[in-house]
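A.B. asks: Okay, sequence plus prediction incoming.
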Amino acid sequence: MLYAILCYHDEKVVGSWTKEEDDAVMARLDVVHQRARGQGKLGPAARLLPTTAATTLLKNQDLVIDGPFAETKEQLLGFYVIDVSGLEEAIEIARDLTRANPGGAYELRPISLFLPGSGAT
Amino acid sequence: MTELRWIDAALASARPEALAALLRYFRDLDLAEEAFQEACLRALKTWPENGPPRDPTAWLTFVGRNIAIDQVRRRARQHALPAGEDISDLEDAEADLAERLDGADYRDDVLRLLFICCHPDLPATQQIALALRVVSGLSVKQIARAFLVGESAMEQRITRAKSRISSADVPFEAPGAVERAERLAAVAAMIYLVFNEGYSALGGEASVRAPFCEEAIRLARLLLRHVPGEPEIMGLTALLLLQHARAAARFDANSDIVLLEDQDRSLWDRKLILEGLALIDKAMRHWRTGPYQVQAAIAAMHARATRPEDTDWAEIDLLYATLERLQPSPIVTLNRAVAVAKVRGPAAALNMIEPLAPRLSGYFHFFGAKGAFLMQLGRADEARTAFDRAIALANTAAEAAHIRMHLDRLAKDGEMAFAGKSSAGRA
């Protein structure tokens, strides 16, 4: 069975960590990553940039707005990881996906750290 | 991370929004600060027992507001009753608050809080000190340390700044579109000042002054969260991130400044660079260019180059040309000339900076660049004259040492042979 673990935290708090504190958290996490990876249980993992770096495509209106997807009526149902030259290309792909599946929204959030993972292939 | 450390971080990150909301209710900075302080003390008492609230900002605003209302009432009993305008809409504040905390529409509150710190009557250093004290919540001790002054001197400076703004008219009504744009520009300039206070530090001072850069980035992100669709605020944030990304590479073991071309690029912070690049991408989509966006785009050209020789100088030349149009200044032209030297050669660059001579006759980088262009053209004697002048104007030992390196080279080679290192390339 594949599971996604979605990470939530107050980004203002995480953003106020010093570099040393941030590094310490990442080092502690890395120990857990290593263990899960050794057991072939860790798929790809990603750390996202803050929501200030996000752009949202409201699919029904084909409207691109700055910032994260802030509505609470919709639920998170899935995600893609894409490798593109920049935001324009990311929006293009999101629009392609919209044509196949209208309704709801896509939030485009740059990834700051990507771990390809070994298990869960 | 211990529980206490987590609470501290939560309190610090909730501060700007909570304080901004309290300021709107009470229209009195001191009262708002006291109320927030008191609310923090209560949080330290109750959060470890009851667990942290779902929304710390809302909790602190609500508790702070009740504390301040109590205080105002107590004062009112001691003194004559204050006029109604001293307390804004307390009657229906409850309903208003609930709505506010849900909608999280703190935009104008936060903008106002930042805006009062950049009152035009306040000199730059007081604006910076005030923003760090009031908005960022740094202690007077921390601020004094970063400014390299004594604590009591800083205390006085902040007190003076506060009394200055409390006697000024702080506009509390919601701003119109034009006014909001003006406030935004003033606040952006103030945040840039905070950043520069750290970024312009040299040598051993740089690490002591690093908090200026970090706080400025935090303020820029805070502003961007509240005005997410403003391309210039994206540009400002990107600019700060891209410049700060190079912090670890900007000084060598002797605390001497390392020029951009000589920096160890593996020391650049990839995460900050990615965030900066993402923000520029977002800003570009608006097709509303501005000085911060252009400067960020220039910084991005450097950040994208894995090696100095990969730098797209032609694009940088174009970007500086845009910046010259938006914000004409001899310094911008001088910087452009460095790019021009790479793209069209030193003769074109020299032509470009020659007219700047009267205005930059006391500017180290002007003579450093001029000397470098002349040296590349093989005009050794003139180059030497320019370098001598640069050394006389050098602000630091490192700057002088860098020019002396050129002079030694000239003496050794007796001719040009040296390709393209310019002193105007800012680290």
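C.D. replies: All right, it came through fine. The shown structure was predicted, so the numbers you read here are calculated from the model rather than taken from an experiment. Numbering: from 1, shown residues only, chains lettered A, B, ... in the order given.
A.B. asks: where does chain A dip in pLDDT?
C.D. replies: Applying pLDDT under 70 to chain A flags residues A:119-121.
A.B. asks: Contact residues of it facing chain B?
C.D. replies: Applying C-beta under 8 Å from any C-beta of the partner chain, we find that chain A lies next to chain B at A:10, A:12-13, A:15-18, A:21, A:25, A:49-53, A:55, A:64-67, A:86-88, A:110, A:112-113. Backbone N, C-alpha and C define where each C-beta goes, glycine included.
A.B. asks: Can you say which of those residues are buried?
C.D. replies: Among those, those scoring as buried are A:10, A:12-13, A:15-17, A:49-53, A:55, A:64-67, A:87, A:110, A:112 (criterion: 16 or more other C-beta atoms under 10 Å in any protein chain shown).
A.B. asks: phi, psi of A:Ala105?
C.D. replies: phi -150, psi 160 (degrees, to the nearest 10).
A.B. asks: could you list every residue that touches it?
C.D. replies: By C-beta atoms under 8 Å, 6 or more residues apart in numbering or on different chains, the contact list for A:Ala105 reads A:56-59, A:69, A:71, A:74.
A.B. asks: quick check, nearest of these to chain B?
C.D. replies: A:Thr56 (9.7 Å; C-beta to the nearest C-beta).
A.B. asks: so what strands line up beside the one helix or strand that closest one maps to?
C.D. replies: Assigned by DSSP states H and E, A:Thr56 belongs to strand A:55-58. Neighbouring strands of strand A:55-58 in its sheet, by DSSP bridges, are strand A:63-66 (antiparallel), strand A:105-108 (antiparallel).
A.B. asks: and these as CSV, adding distance to B:Arg42?
C.D. replies: Converted to CSV, the strands paired with strand A:55-58 look like this (distance: least, C-beta to C-beta, whole Å):
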stretch, distance to B:Arg42
strand A:63-66, 36
strand A:105-108, 36
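A.B. asks: can you tell which of these is closest to B:Glu309?
C.D. replies: Nearest of those to B:Glu309, taken as C-beta to C-beta: strand A:105-108 at 32.8 Å.
A.B. asks: In chain A, spot the helix with the most residues.
C.D. replies: The helix that spans the most residues within chain A, counting by DSSP state H, is helix A:19-38.
A.B. asks: Quick check: next helix or strand after the lowest-mean-pLDDT helix or strand in chain B?
C.D. replies: Ranking every helix and strand in chain B by mean pLDDT, DSSP states H and E puts helix B:93-103 at the bottom, with a mean of 48. The helix or strand immediately downstream of helix B:93-103 is helix B:107-117, counting by DSSP H and E.
A.B. asks: elements contacting that next one?
C.D. replies: Under the contact criterion of 3 or more C-beta pairs under 8 Å, 6 or more residues apart in numbering or on different chains; DSSP states H and E, helix B:107-117 touches helix B:3-26, helix B:177-199, helix B:205-226.
A.B. asks: possible to save those as JSON lines with mean pLDDT and mean neighbour count?
C.D. replies: Below are those laid out as JSON lines (pLDDT from 0 to 100; neighbours: other C-beta atoms under 10 Å in any protein chain shown):
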{"stretch": "helix B:3-26", "mean pLDDT": "89", "mean neighbour count": "22"}
{"stretch": "helix B:177-199", "mean pLDDT": "91", "mean neighbour count": "19"}
{"stretch": "helix B:205-226", "mean pLDDT": "90", "mean neighbour count": "22"}
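A.B. asks: out of those, nearest to B:Asn335?
C.D. replies: Checked against C-beta to C-beta, the stretch from the helices and strands packed on helix B:107-117 lying closest is helix B:177-199, at 15.5 Å.
A.B. asks: Measure how that closest one sits relative to helix B:107-117, angle-wise.
C.D. replies: Put simply, helix B:177-199 runs at 60 degrees to helix B:107-117, going by axes from the mean of the first three to the mean of the last three C-alpha atoms, to 10 degrees.
A.B. asks: chain center to helix B:177-199, what's the gap?
C.D. replies: Here helix B:177-199 shows a centroid-to-chain-centroid distance of 8 Å under the convention C-alpha atoms, centre = their mean, to the nearest Å.
A.B. asks: Can it be said to contact chain A?
C.D. replies: No. Remark: helix B:177-199 sits outside contact range of chain A, by C-beta under 8 Å from any C-beta, the gap being at least 13.9 Å.
A.B. asks: and B:Leu138, what are its phi and psi?
C.D. replies: phi -70, psi 150.
A.B. asks: Please report how far the nearest residue in space to it that is not next to it in sequence lies from chain A.
C.D. replies: Nearest residue to B:Leu138 in three dimensions, chain neighbours excluded: B:Leu132, at 4.7 Å (C-beta to C-beta, 6 or more residues apart in numbering or on different chains). Distance, B:Leu132 to chain A, using C-beta to the nearest C-beta, to the nearest Å: 14 Å.
A.B. asks: How many residues are close by B:Leu132?
C.D. replies: Neighbour count for B:Leu132, taken as other C-beta atoms under 10 Å in any protein chain shown: 27.
A.B. asks: Now do the contacts for the most centrally placed residue in chain A.
C.D. replies: By C-alpha atoms, centre = their mean, chain A has its centre lying nearest to A:Leu48, at 5.1 Å. Neighbouring residues of A:Leu48 by C-beta under 8 Å, 6+ apart: A:109-112.
A.B. asks: same thing but at 7 Å, please
C.D. replies: Contact partners of A:Leu48, counting by C-beta atoms under 7 Å, 6 or more residues apart in numbering or on different chains, are A:109, A:111-112.
A.B. asks: And B:Trp6, by the same measure?
C.D. replies: Contacts of B:Trp6 (C-beta under 7 Å, 6+ apart): none.
A.B. asks: What's the first helix or strand after the longest helix of chain A?
C.D. replies: With secondary structure assigned by DSSP H and E, helix A:19-38 is succeeded by strand A:45-48.
A.B. asks: in that next one, what's buried?
C.D. replies: Neighbour-count burial for strand A:45-48 flags A:45-46, A:48 (criterion: 16+ other C-beta under 10 Å).
A.B. asks: Please consider this matter closed, and thank you.
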